[in-house]
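Asks: Here is the input, now give the coordinates:
(chains A and B)
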Amino acid sequence: GAGVSQSPRYKVAKRGQDVALRCDPISGHVSLFWYQQALGQGPEFLTYFQNEAQLDKSGLPSDRFFAERPEGSVSTLKIQRTQQEDSAVYLCASSFGNGNNEQFFGPGTRLTVL
Amino acid sequence: KQEVTQIPAALSVPEGENLVLNCSFTDSAIYNLQWFRQDPGKGLTSLLLIQSSQREQTSGRLNASLDKSSGRSTLYIAASQPGDSATYLCAVSGPSGTYKYIFGTGTRLKVLA
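Replies: Numbering: from 1, shown residues only, chains lettered A, B, ... in the order given. As a prediction, the model looks like this:
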């Protein structure tokens, strides 16, 4: 596809369940970012990959959050033992090169934890 | 720690007006500043990217300026249309580390027909 895609678009989880969110970046984009957007707020940085290397995970809120990009393309954000405060939209972005370029965002996954 | 502020938080204007959205940031040592549009329930659509060495960028009815020394950017929208109604977000990368973006909380714009 031409843009960044994310799946699922919507996810409802019961508190305590594990979830996995997928991001397909634009083909050839080296850099991949995950952001979390709470209702009415701007997105907040979670983690950054350059190819398969996770160079910055300073924004992950707890050790329940884990991200991977094993082959340098598709990325998965996993949240273990979900809590209600994890409810948010999770946005993925990719950019060409080392990250100092325009970031292109996917449509997001809206996670609701009941 | 970089902080980004957007003023006003919400704006309602009649169709046809020219308008200015403001973005300020606390640390001027940025790499890039990017303006986005977000429609309800949707992802972010990139509008304009200004690199740190640039002063402004233009696309159609949109013009974004950057004054690094004062920590400010403005997004100018000419001849506003109802289809411009959305939330507008600015984001900066830098001053250090990876190229993650720090976002403002956005300006919710409503253009009345």
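
Asks: pLDDT value on the residue nearest the centre of chain A, please?
Replies: Nearest residue to the geometric centre of chain A (C-alpha atoms, centre = their mean): A:W34, 3.5 Å. Listed pLDDT for A:W34 reads 98.

Asks: Might you report the residue contacts of it?
Replies: A:C23, A:F45, A:L46, A:T47, A:Y48, A:A67, A:S75, A:L77, A:Y90, A:L91, A:C92 (C-beta atoms under 8 Å, 6 or more residues apart in numbering or on different chains). C-beta: built from backbone N, CA, C; applies to glycine.

Asks: what bridges to the first one?
Replies: Translated: A:C23. Under the criterion DSSP bridges, A:C23 forms beta bridges with A:Q6, A:S75.

Asks: Pull the contacting residues for it.
Replies: A:C23 touches A:V4, A:S5, A:Q6, A:L32, A:W34, A:V74, A:S75, A:T76, A:L77, A:C92, A:S94, A:G106, counting by C-beta under 8 Å, 6+ apart.

Asks: Setting aside sequence neighbours, what's the nearest residue to the last one?
Replies: Spatially, and ignoring its direct neighbours in sequence, A:G106 is nearest to A:V4 (3.7 Å; C-beta to C-beta, 6 or more residues apart in numbering or on different chains).

Asks: Count the neighbours of that neighbour for me.
Replies: Applying other C-beta atoms under 10 Å in any protein chain shown, we find 22 residues neighbouring A:V4.

Asks: OK, contacts around it?
Replies: So A:V4 contacts A:C23, A:D24, A:P25, A:I26, A:C92, A:A93, A:S94, A:F104, A:F105, A:G106, B:G43 (C-beta under 8 Å, 6+ apart).

Asks: The same query, at a cut-off of 7 Å, please.
Replies: Going by C-beta atoms under 7 Å, 6 or more residues apart in numbering or on different chains, A:V4 touches A:C23, A:D24, A:P25, A:I26, A:C92, A:A93, A:S94, A:F104, A:F105, A:G106.

Asks: from what I can see the last one touches A:A2, true?
Replies: Just to be clear, that refers to A:G106. No - when contacts are counted by C-beta atoms under 7 Å, A:G106 is not listed as touching A:A2 (11.8 Å).

Asks: Okay then, goodbye and thanks.
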